[in-house]
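Undergrad: just need the structure, nothing else, for what follows:
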Amino acid sequence: QVQLVESGGGLVQAGGSLRLSCAASGGTFSGFDMGWFRQAPGKERELAAAISWRPGITYYADSVKGRFTISRVNAKNTVYLQMNSLKPEDTAIYYCAADDSAYRHYPAQAQGEYDYWGQGTQVTVSS
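TA: Residues are numbered from 1 along each chain as shown. Below is the predicted model of the structure:
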C-alpha cells in the first residue's frame, strides 16, 4: 500500500515562499506520476502542478505558472512544490497524489486518475 505524507505548509505573507514536500512509501515511486492538488474553502479541488514519471515532463495550472515549480528526487521517494511570489488566493489545503498507471505520456489532470492521496497540508497566505 502506498502512503503519502505532506509537510512544509504554514502561514506566510503575500510575496513570500514555501516549499512543500511529499514523501512516499510503498510501491515504485519512480514509476508514479505525481500531482499537487489544492482546495480552497468553498471551491473544488484543482490540480496546481504535476510531474511525470518520464523525465522532464511537467504540468502547471495557468494560475501558478512562473511562480510554482514541481520537482522530484526518486532516490528519496519525494516530490516537492516550490511556491514563490505567493498570493492570498493561493490559500488552500494542498494535497499530494500519485498515479501508478506508468503508461501516460503526460500527467493526468483529473483527480479521479490518481490512485493515492496524502492527508493534506494547509497553506495560508496573508495579505
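
Undergrad: not counting residues beside it along the chain, what's closest to residue 82?
TA: If the residues on either side of it in the chain are set aside, residue 82 comes closest to residue 69, at 4.4 Å by CB to CB, 6 or more residues apart in numbering. Yep, even glycine has a C-beta here, placed from its N, CA and C like the rest.

Undergrad: now that neighbour. Its backbone dihedrals?
TA: Phi and psi for residue 69, reported as degrees, to the nearest 10, are phi -130, psi 130.

Undergrad: dump the residue contacts of it.
TA: Counting by CB atoms under 8 Å, 6 or more residues apart in numbering, residue 69 makes contact with 49, 81, 82, 84.

Undergrad: isn't the last one up against residue 17?
TA: It stands for residue 84. Yes. Using CB atoms under 8 Å, residue 84 is in contact with residue 17, at 4.7 Å.

Undergrad: who's more crowded, those two?
TA: Applying other CB atoms under 10 Å to residue 84 and residue 17 shows that residue 84 carries more neighbours, namely 14 against 11.

Undergrad: wait, doesn't residue 115 sit right on residue 100?
TA: Yes. Under the criterion of CB under 8 Å, residue 115 makes contact with residue 100 at 5.2 Å.

Undergrad: all good on my end, thank you.
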